[in-house]
Structure formats: structure tokens, C-alpha cells
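>>> Provided below are the primary sequence and the corresponding predicted coordinates.
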Amino acid sequence: DPLINAKIPHYGFPVFAFEFHFPYFALRKHRLPRKDSRRSANGDMLRQYQDVTFLRTMENKSDNSFTEYVYEAKLSCLVSGVNRYKWSAYVFNDLYFETDEYTESVEEYHEQAGLGLMIDPLTGGKRHRAMLPCDPRENFLLIFEVRLRMINKEWRQLYVAVAEAIRSYRAEYWTKTSRATSRGHGDQSVRSSAGITRSQLQEEVQEWIMRSVELLGKFIHSLDQYSEEWAMFRDTGSNYFMSANDPELSCRLRWSLTAAEQQVTDLGRLLIKFKHTMDCLREDMPRDINLRIAHENKESALFQQKTSRDVNVLTWITFLSLPFALSTSLLSTQEGYFPFTPSPWVLLASITILEALVWFALGSLLGWHWLKLKLKWRRNQLSSADDIDGSQYNEGLG
């Protein structure tokens, strides 16, 4: 069924009908959700609700504070009659999610009427009944513009809350990621624990993006209908809202159409913002996460290279100092164990012999070709370091 419709029969029983049905979502903060008591044919609630706390944080709420809920709602209006003098108007709005302090209700309007405040319930109390137009078309457009303005306010509040919650979650996510990365530069056990934390954060943010995009898709689908339905109404039904016989009425009707279209245009701008937010979640944020992961992997690789280089240096220091330690240990024994007297020349000869034995054993185990390549690589490293030091010295002199 169309959201906006105008029917004026040209034959049969002369009953016209102007109607609109606007779906929207209302954001409310409650400690417990307010469920719709009405039921559909299959027994489900006629209007659904959803807890959107996950937009701000994926952690479970432990206290009894207020929770943000998004409630499905619909506002409908029907203006029907036989001519411009005999017609009736009805407005139906979902208020099941409102608290008892909410003022717009049938009882409230009756109480105000008893006090002499003759405000119009069809326009949500925005107009006095004495100021309402008599023409049903003008009255319909007035209700259309006033009620759509209220719905526009609900959509704006929803967008502001959603955008702020998304920014809050993104800031919290990058903070947690930075904290986990900094912990990962500690010892091995801490790095393992931090690696698990980063992995959990990545899984969490993927789930958050999926749920957020799904929720934004519902909002976008609902907003899309406004522009589409209004375009079809302008093509097929707006001709009924022209009066060639009364120029003054025609001018007011055109003004009312323009005011109603302005509200639809504002909703179209909100639709663009919702789409941009969803595109950022689907494209920009995953790209930022991938870049961050690549940066962390690069830092981890550099850290491992540094660790490996330090271990390599310590190994060579131990390897080269082994003959000296063995020689000093042998020469420090009591006299009579060796057929020579300890002296500096004997120490030097012992170190040379043991060093040769160690290199021979190393070459036999790892291969002489590998040993030659290792010595050549080490010689090149030393020569490169000397060249760099020399160039820095010359620059300093310059």
C-alpha cells in the first residue's frame, strides 16, 4: 500500500480519501523495554523494539542504569468525506513506548477541552481548533506538514544519538587496541596474552560492524520510502490539491505543498547522512583496521628481528669467549697437572689452540661453505659500518 495516497472517485459513491502512513523509529531510554501489547495475526508483537547499547559498547551492562532502545512506530492520518463541507479526519500514532508523563493522549485532550483549551489533537496541539482550515485538502496538508515535522525531529534525534555512539565506540576501540599493542612489547607471556586480546578485539569489532550496518540498513530502508512515495504523490495525487475556482485557496494549497515537501527534503538529507555513516562502517573502518593490523605486524616483525640479532650477538660473544675461559680455567689449576709453567705466552698459545679447535668443530658441524659465507657477510658488515662512521666524521668536519 502507498504511504501517501489521494483518492477522489469520478463515478459511484462520491467519497474522497486523503491518507498517509509514516513508519519511523523512536529512540528512548528506559530501564526496561516497553513492549507493545498489541499482537499480529501470528501472535507476535505488532511493533518491535531493539536494544542499541551495542553501538556504544559491546560489553554487558552490569548496573541498573537506563538502556537505549529503538522502537518501531507508525503514524497514520485519514481525511475522508463526500465534499468540502462534510468530512472527518483521524490521526493514529503509536505511543506504546512513551512513559506516563507523556502529554499527548486522548484523555489529556479531553481534560484540556474541559478547561476551555480547544487545541487541535490532529496537529499534536500545535494549532487552535478555531484556526483550522475548512477545506479538507488544506487541512490534510496541514496535518501532513505538522506531523511529518514531529517525525523529522525523531529521526534527527536518532541520527545524532547513533552517530555519537559510533564515534564513542570507535574511540574506545582504538584506545583498547593501542593498550593491547603496548602490552605486547613486554615479555613472551605478556605478548601472548596481548595477542589474544588483539584477536578478541578484532573479532568483536567485526561483529560490531555487522550489527551496526544491519541496524543502519533498517533506518535507511524506512527513510528511502519517504522520498519515493512523495515523488509518486507529486506525479499522481498532487493535482487534487489545486483549486482553479478559488485563487486564494489555490495559493494556500501551494504553500502547504511546499511546506510539506520541505519536510520530505529534510528527511532526504538525513537519509544521505545515514548512508554516509553506513559506508564509513563498511569501507573506511575495515580499511583502517587492516592498516593498523599491517602496522602492528610490521612492528612485531621488526621486534623479532631485533631480538634475533641480539641473541645472535650474545651467541657469538659466548662462542668467542669460550676458549679464553677454558684456557684461564686450565692454567689456574694446581701445579703438576700440566707439564709446563703458566705464563702469558702459554695462555696466548692455549687460547689460539682452543680457538682453532672450536672453529674446526664449527666448520665440521655446519659445513665449511656456510662458515665462509658467514665470515664474508661479517666482514662486509664491518666494512659498511666503517664507511658510515667515516662519512659521518667527514660531515662533522665539514
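Nice, thanks for sending it over. Bear in mind the structure is a predicted one, so any value in this text is a computation, not a measurement.
>>> just the helices in the stretch 201-350 of the chain please.
247-279, 285-331, 344-366 (DSSP state H, counting those that start in this stretch).
>>> rounded to a whole number, what's the mean pLDDT of the longest one?
Within the predicted structure, the mean pLDDT of helix 285-331 is 72.
>>> just to revisit the earlier point, right, so the helices of the stretch 201-350 of the chain: which one is the most enclosed?
Highest mean neighbour count among the helices of the stretch 201-350 of the chain (mean count of other CB atoms under 10 Å): helix 247-279, with a mean of 16. Using the backbone N, CA and C atoms, a C-beta is placed for each residue, glycine as well.
>>> any idea how far that helix is from the chain center?
Distance of helix 247-279 from its chain centroid, counting by CA atoms, centre = their mean, to the nearest Å, is 28 Å.
>>> helices or strands up against that helix?
Under the contact criterion of 3 or more CB pairs under 8 Å, 6 or more residues apart in numbering; DSSP states H and E, helix 247-279 touches helix 136-183, helix 188-236.
>>> Packed most tightly, which of those helices would that be?
Of all these, helix 136-183 carries the top mean neighbour count, a mean of 18, counting by mean count of other CB under 10 Å.
>>> Give the rounded mean pLDDT of that helix.
Mean pLDDT, taken over the full extent of helix 136-183, equals 89.
>>> Now do that helix and helix 285-331, the angle between them.
In terms of direction (axes from the mean of the first three to the mean of the last three CA atoms, to 10 degrees), helix 136-183 departs from helix 285-331 by 0 degrees.
>>> So which elements touch helix 136-183?
Looks like helix 136-183 contacts strand 16-30, strand 67-81, strand 87-93, helix 188-236, helix 247-279, helix 285-331 (3+ CB pairs under 8 Å, 6+ apart).
>>> ok, now with 10 Å
Helix 136-183 is packed against strand 4-7, strand 16-30, strand 67-81, strand 87-93, helix 188-236, helix 247-279, helix 285-331, with contacts defined by 3 or more CB pairs under 10 Å, 6 or more residues apart in numbering; DSSP states H and E.
>>> Tell me which of those lies nearest to Ser350.
Nearest of these to Ser350, taken as CB to CB: helix 285-331 at 3.9 Å.
>>> I'd like to know which elements that closest one is packed against.
Judged by 3+ CB pairs under 10 Å, 6+ apart, the packing partners of helix 285-331 are helix 136-183, helix 188-236, helix 344-366.
>>> picking that back up, want to throw the helices and strands packed on helix 136-183 into CSV with distance to Asp51?
Shown next, in CSV, are those (distance: least, CB to CB, whole Å):
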stretch, distance to Asp51
strand 4-7, 32
strand 16-30, 10
strand 67-81, 6
strand 87-93, 23
helix 188-236, 11
helix 247-279, 19
helix 285-331, 22
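>>> Of the ones you listed, which is nearest Met118?
Evaluated over the helices and strands packed on helix 136-183, closeness to Met118 peaks at strand 87-93, with 15.4 Å, by CB to CB.
>>> so what strands line up beside the closest one?
Using DSSP bridges, the strands paired with strand 87-93 are strand 67-81 (antiparallel).
>>> Now the strand it pairs with - C-alpha only, CSV.
The C-alpha trace of strand 67-81 is given here as CSV (Å, rounded to 0.1, in the frame of the first residue of the first chain):
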residue,chain,number,x,y,z
THR,A,67,19.2,1.5,28.4
GLU,A,68,18.8,2.9,24.9
TYR,A,69,16.0,1.2,22.9
VAL,A,70,14.8,1.9,19.4
TYR,A,71,11.1,1.3,19.0
GLU,A,72,9.2,0.7,15.7
ALA,A,73,6.3,3.2,15.3
LYS,A,74,3.9,4.4,12.6
LEU,A,75,1.8,7.5,12.3
SER,A,76,-1.3,7.4,10.1
CYS,A,77,-3.8,10.0,9.1
LEU,A,78,-7.1,9.7,7.1
VAL,A,79,-9.2,12.6,5.9
SER,A,80,-12.4,11.4,4.2
GLY,A,81,-15.8,12.8,3.3
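>>> What angle do helix 188-236 and that strand make with each other?
10 degrees.
>>> Sort out which residues of strand 67-81 are buried, please.
Residues of strand 67-81 classed as buried by neighbour count (16 or more other CB atoms under 10 Å): 68-73, 75-81.
>>> Closest to His221 out of those?
Among the buried residues of strand 67-81, Glu72 lies closest to His221 (CB to CB), at 12.2 Å.
>>> Quick check: the gap between that closest one and Phe54.
18 Å (CB to CB, to the nearest Å).
>>> now Thr197
Remark: distance between Thr197 and Phe54 (CB to CB) = 19 Å.
>>> And Ser76, by the same measure?
Applying CB to CB, the value for Ser76 to Phe54 is 31 Å.
>>> Excluding chain neighbours, what is closest to the residue sitting nearest the centre point of the chain?
The centroid of the chain falls nearest to Ile166 when counting by CA atoms, centre = their mean (4.4 Å). Leaving aside its sequence neighbours, Ile166 sits nearest to Leu55 (CB to CB, 6 or more residues apart in numbering; 6.1 Å).
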